[in-house]
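[1] Any chance you can model this:
(chains A, B, C, D, E and F)
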Number of protein chains: 4
Amino acid sequence: MLSHSHPKPARTGRPRNAAADEAILEATRASLVDLGWSKLTMGDVATRAGVAKTTLYRRWAGKNELVVDAVAVLFDELELPDLGSLSADVQAVVLQFAALLERPETRTALMAVVAESTRDEALRSRIRDSIVDRQKRLVLQGRQRAQDRGELPVEQDEVTAALTADLIFDVIAGAVVHRALVSAEPVDADWARRFTLLLLTGLGAAAEG
Amino acid sequence: MLSHSHPKPARTGRPRNAAADEAILEATRASLVDLGWSKLTMGDVATRAGVAKTTLYRRWAGKNELVVDAVAVLFDELELPDLGSLSADVQAVVLQFAALLERPETRTALMAVVAESTRDEALRSRIRDSIVDRQKRLVLQGRQRAQDRGELPVEQDEVTAALTADLIFDVIAGAVVHRALVSAEPVDADWARRFTLLLLTGLGAAAEG
Amino acid sequence: MLSHSHPKPARTGRPRNAAADEAILEATRASLVDLGWSKLTMGDVATRAGVAKTTLYRRWAGKNELVVDAVAVLFDELELPDLGSLSADVQAVVLQFAALLERPETRTALMAVVAESTRDEALRSRIRDSIVDRQKRLVLQGRQRAQDRGELPVEQDEVTAALTADLIFDVIAGAVVHRALVSAEPVDADWARRFTLLLLTGLGAAAEG
Amino acid sequence: MLSHSHPKPARTGRPRNAAADEAILEATRASLVDLGWSKLTMGDVATRAGVAKTTLYRRWAGKNELVVDAVAVLFDELELPDLGSLSADVQAVVLQFAALLERPETRTALMAVVAESTRDEALRSRIRDSIVDRQKRLVLQGRQRAQDRGELPVEQDEVTAALTADLIFDVIAGAVVHRALVSAEPVDADWARRFTLLLLTGLGAAAEG
DNA sequence: ACCTAATCGAGACGGTACGTCTCGTCTTTGG
DNA sequence: CCAAAGACGAGACGTACCGTCTCGATTAGGT
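    Numbers count the residues shown, from 1 in each chain, chains lettered A, B, ... in the order given. As a prediction, the model looks like this:
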């Protein structure tokens, strides 16, 4: 800290170490990978970050909040590539999402944080704001492109359009998560292809393809 | 008892109190409702069941195993009604599943146990055996009926048929779980109708309906 | 068997396995050596003896009673040799007693059982009957010999004689036990010689010798 | 604090609650009186002291160490009065010691802790430092006075003098402890008189008195 | 050859205490 | 005023024994 302090600075006291924030989040992700959600402790995170436990509690209310913050950023790396067709775009984002869920910190954190949120309304909305709603952009973006290409009709009713976007988001995200974490089967290119076919053409058609 | 087996019939020694097993599982569900997964303690379950803590540990290796067993049975109540059409059948089972996920014990337990399983292979296979695979019967049954009715073609390749069944299962279960627990929006009759339409006819058609 | 009686010959039913009694006491002594009083458990003794825990409880009321019986017999091996003088006899018995207290089972058991007896009147009298009073014979015998040799006067008053015997017993046994177990110093030939001199001639004389 | 040291002055962190140490030792003595050694639990002591169990374990390694510390201080109250003659001094200290052994906390603790020490070298030296060696001062002091009065000769050889002091200590302490706790007979004025006579004049003379 | 009854082993039972761990808070020293 | 260090009260963890209680299987003596 290079500040030249004088008898009467406007702000008294030692300023917070800004670098500590990122060190703590990084330590949280590391601990999550090594120990998993349930075995992760505040004390362990503090030790890894080279910081006192007090500092953690000064900045986050508890384990839940800390972990949500630590993992939320991971989901922001998802991007919708423009591969020229709706089908290709969907498959690409499915595989991206699957790759994300393969990483131990994401894998562990996502379900744990959702589980915890079933009993904690504040946590639930924190998750929605930090993670879920941020990614709906992918659906909206994909639909827009498909409509531009003429693959999908332009919807007239805005309300219906929003509902459909939510529905599609739940279907895609839900299917991938369920396949990867609940069924615990690989989400590979073949599965992505079959899933996309089902999504685009429906059950009857998909059964034939 | 679902997957929790007492492998040795134990010809000698005092036999286990058979009634205690059910009392413990019932107490586990009650404790889960009242306290949630993370606050549930073995001691509390033991007290509610009128049983010593040691008895719990004699029969289950830990909290995870106990809760999986306690919850698995809840999913067995799902049934596929025969309502005359594939669409009606799917909507009905979606609503049934959603109702199940509304109940606090299911809601809390399912995600928690899945989260825990991301770090525990034994637990993962326990969940697959006790919960996931058991419910695939609904997909198989539904497809059979639809094929009998002529709504779906009969697939020739058994391998493809099995893959498709798994896919459909992940899509349905995943979408419902994601909607109910992650997006935290209601799974009502309207959502079920729109979801079923998407599933049966695909994205292009659904966008229009 | 010392004080542990099986009062009812039990005319009918399967008779007790007589060999088990000694096996159990032997196992108790072995366990005592290995684990010490406080770590000795009924279960461990049962296992060592190749016997069910139930069998132990059928024959002894608890740990205390069992251990007292197991060790009491050890003290019976003390004998007063006739070496021709009171001094030699005392030294010999002191060294015998010290050798006994060197053995781990005796060392551990004696103090433990006395400690336990400070809160248990029944146990106290069991110890007195089984261990303490049995060994007073050594004092009486030694005095008789010394009187026969003319080393000690014959006491007229029986009551005084008994009191003196008790006193001498406490002094000898107490000093040896205290040296060996509390001060934790060796009771060797030199100490025995110095102690005997003190006992026979008193402090003034001993200080000179 | 006797032998229980807090070796690190611990320049940083919250300092230990100094008052708790004495509260815990006091609670230990109270629990010892009420429950006895074997029934005394760390949890009970913590509750009585109004302190968490962890605080006990932070300061003492276990039950043994705690009880030794709690009890050691009791023996410091012994004092050698100057009654004008060696005989009177000895009788007085014997009766003082007996009175101490009448008190339930001392009675129970002394033997228990000695018993435990037969299997634990660290505990044994803790007892020697905290209890046994501290009281040898009484013997040294008594001899000095007797020598000043001319009742005892001044010993030339320092080594012999030390050995004799140890011997006398074992004889006095051992006899009183054995009488009080093993034989379980009262140590009253008469016994003290007869014991002192034996100690000062030896067996031959004592038999006559 | 049957009864009758106490024995045996095995091991489950409800309890209690253990010593450890983590929680989130509090209280110091020192920058 | 902040950071580190670490003590604090609370309470769950999973284990170990306790002493009791079923069990099925022996193993006699009495009939």
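[2] The residue nearest the centre of chain A and residue C:205, how far apart?
    For chain A, the residue nearest the mean C-alpha position is residue A:75 (3.5 Å; CA atoms, centre = their mean). Distance, residue A:75 to residue C:205, by CB to CB, to the nearest Å: 95 Å. (Each C-beta comes from the backbone N, C-alpha and C, glycine too.)
[3] now do residue A:129
    For residue A:129, the distance to residue C:205 equals 96 Å [CB to CB].
[4] Looking at these two now, which is surrounded by more residues?
    Neighbour count, other CB atoms under 10 Å in any protein chain shown: between residue A:129 and residue C:205, residue C:205 has more, with 15 against 12.
[5] In contact with the more buried one, which residues?
    C:197, D:202 (CB atoms under 8 Å, 6 or more residues apart in numbering or on different chains).
[6] Could you check how far it is from chain B?
    Using CB to the nearest CB, to the nearest Å, residue C:205 is found at 65 Å from chain B.
[7] go on, residue A:103?
    The spacing between residue A:103 and chain B, counted by CB to the nearest CB, is 11 Å.
[8] How confident was the prediction at that residue?
    For residue A:103, the model assigns a pLDDT of 92.
[9] Name the nearest residue to residue A:171, sequence neighbours excluded.
    residue B:175 (4.6 Å; CB to CB, 6 or more residues apart in numbering or on different chains).
[10] residues touching that neighbour, list them.
    A:170, A:171, A:174, A:175, B:195.
[11] Spell out which parts of chain A neighbour DNA strand E.
    Counting by CB under 7 Å from any atom of the strand, chain A comes close to DNA strand E at A:13-14, A:39-44, A:53-54, A:57, A:62-63.
[12] Closest one of those to residue A:92?
    residue A:40 (32.5 Å; CB to CB).
[13] Let me see the backbone angles for that closest one.
    Main-chain torsions, residue A:40, degrees, to the nearest 10: phi -70, psi 130.
[14] So it versus residue D:101, what's the distance?
    55 Å.
[15] and the residue nearest to residue A:171, what helix or strand is that in?
    Per DSSP states H and E: residue B:175 is located in helix B:158-177.
[16] Would you mind checking the average pLDDT for that helix?
    Per-residue pLDDT over helix B:158-177 has a mean of 96.
[17] what residues go with each domain of chain A?
    As given by automatic domain parsing, the domain ranges for chain A are A:18-59, A:72-208.
[18] out of those domains, deepest packed?
    domain A:72-208 (a mean of 18; mean count of other CB atoms under 10 Å in any protein chain shown).
[19] So the nearest residue to residue A:147 once chain neighbours are set aside: helix, strand or coil?
    Computed as CB to CB, 6+ apart, the closest residue to residue A:147 that is not its neighbour in sequence is residue A:154, at 5.2 Å. At residue A:154, secondary structure determined by DSSP: H, G, I helix; E, B strand; the rest coil is coil.
[20] Next one: residue A:154 from residue B:201, what distance?
    Counting by CB to CB, the gap from residue A:154 to residue B:201 is 18 Å.
[21] With residue A:159 instead?
    Distance, residue A:159 to residue B:201, by CB to CB: 21 Å.
[22] repeat for residue A:137
    Look at residue A:137 and residue B:201: by CB to CB, they are 26 Å apart.
[23] Kindly report the same for residue A:126.
    Distance from residue A:126 to residue B:201, by CB to CB: 36 Å.
[24] cool, residue A:141 as well?
    23 Å.
[25] what's the answer for residue A:104, then?
    For residue A:104, the distance to residue B:201 - CB to CB - is 38 Å.
[26] do residue A:28 as well
    Distance of residue A:28 to residue B:201, given as CB to CB: 44 Å.
[27] which regions of chain A sit below the pLDDT cut-off?
    Counting by pLDDT under 70, the ranges of chain A that qualify are A:1-17, A:205-209.
[28] All the helices of it, in order from the start?
    A:18-35, A:42-49, A:53-59, A:63-75, A:86-102, A:104-117, A:121-127, A:133-149, A:158-177, A:189-208 (DSSP state H).
[29] could you dump those to JSON lines with distance to DNA strand F?
    Listed next are these as JSON lines, based on distance: least, CB to the nearest atom of the strand, whole Å:
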{"stretch": "helix A:18-35", "distance to DNA strand F": "6"}
{"stretch": "helix A:42-49", "distance to DNA strand F": "8"}
{"stretch": "helix A:53-59", "distance to DNA strand F": "4"}
{"stretch": "helix A:63-75", "distance to DNA strand F": "15"}
{"stretch": "helix A:86-102", "distance to DNA strand F": "27"}
{"stretch": "helix A:104-117", "distance to DNA strand F": "16"}
{"stretch": "helix A:121-127", "distance to DNA strand F": "21"}
{"stretch": "helix A:133-149", "distance to DNA strand F": "28"}
{"stretch": "helix A:158-177", "distance to DNA strand F": "27"}
{"stretch": "helix A:189-208", "distance to DNA strand F": "36"}
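[30] So which of these is nearest residue B:184?
    Of all the helices of chain A, helix A:121-127 comes closest under CB to CB, at 5.5 Å.
[31] so what does that closest one touch, helix or strand wise?
    Judged by 3 or more CB pairs under 8 Å, 6 or more residues apart in numbering or on different chains; DSSP states H and E, helix A:121-127 is in contact with helix A:63-75, helix A:104-117.
[32] will you turn these into a markdown table that also has distance to residue B:86?
    Formatted as a markdown table, the helices and strands packed on helix A:121-127 follow (distance: least, CB to CB, whole Å):
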| stretch | distance to residue B:86 |
| --- | --- |
| helix A:63-75 | 35 |
| helix A:104-117 | 30 |
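[33] What is the most widely separated pair among the residues of chain A next to DNA strand E?
    Farthest pair in the residues of chain A next to DNA strand E (CB to CB) is A:13 and A:39. Separation: 35.8 Å.
[34] now the residue of chain A found nearest chain D: how far from residue B:179?
    With CB to the nearest CB, the shortest gap between chain A and chain D falls at residue A:52, namely 9.9 Å. Applying CB to CB, the value for residue A:52 to residue B:179 is 42 Å.
[35] Which residues are in contact with whatever residue of chain A ends up closest to chain C?
    Chain C sits closest to residue A:39 of chain A, with a gap of 31.8 Å, by CB to the nearest CB. Taking CB under 8 Å, 6+ apart, we find residue A:39 in contact with no residue.
[36] Can you lay out the domains of chain A as CSV showing distance to residue B:183?
    Below are these laid out as CSV (distance: least, CB to CB, whole Å):
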stretch, distance to residue B:183
domain A:18-59, 21
domain A:72-208, 6
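[37] Any idea which of the ones you listed gets closest to residue C:32?
    Closest among these, using CB to CB: domain A:18-59, at 40.9 Å.
[38] pull the CA atoms of stretch A:38-57 into CSV?
    What follows is stretch A:38-57, C-alpha atoms only, in CSV (Å, rounded to 0.1, in the frame of the first residue of the first chain):
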residue,chain,number,x,y,z
SER,A,38,-20.4,-30.1,1.6
LYS,A,39,-16.8,-30.4,2.8
LEU,A,40,-15.8,-26.9,1.8
THR,A,41,-15.4,-24.7,4.9
MET,A,42,-14.9,-21.1,5.4
GLY,A,43,-11.8,-21.7,7.4
ASP,A,44,-10.3,-23.7,4.6
VAL,A,45,-11.1,-20.9,2.1
ALA,A,46,-9.6,-18.3,4.4
THR,A,47,-6.4,-20.4,4.8
ARG,A,48,-6.0,-20.9,1.0
ALA,A,49,-6.6,-17.2,0.4
GLY,A,50,-4.1,-16.3,3.1
VAL,A,51,-6.7,-14.3,4.8
ALA,A,52,-8.4,-14.3,8.2
LYS,A,53,-11.8,-15.9,8.5
THR,A,54,-13.1,-12.5,9.8
THR,A,55,-12.3,-11.0,6.4
LEU,A,56,-14.6,-13.5,4.7
TYR,A,57,-17.5,-12.8,6.9
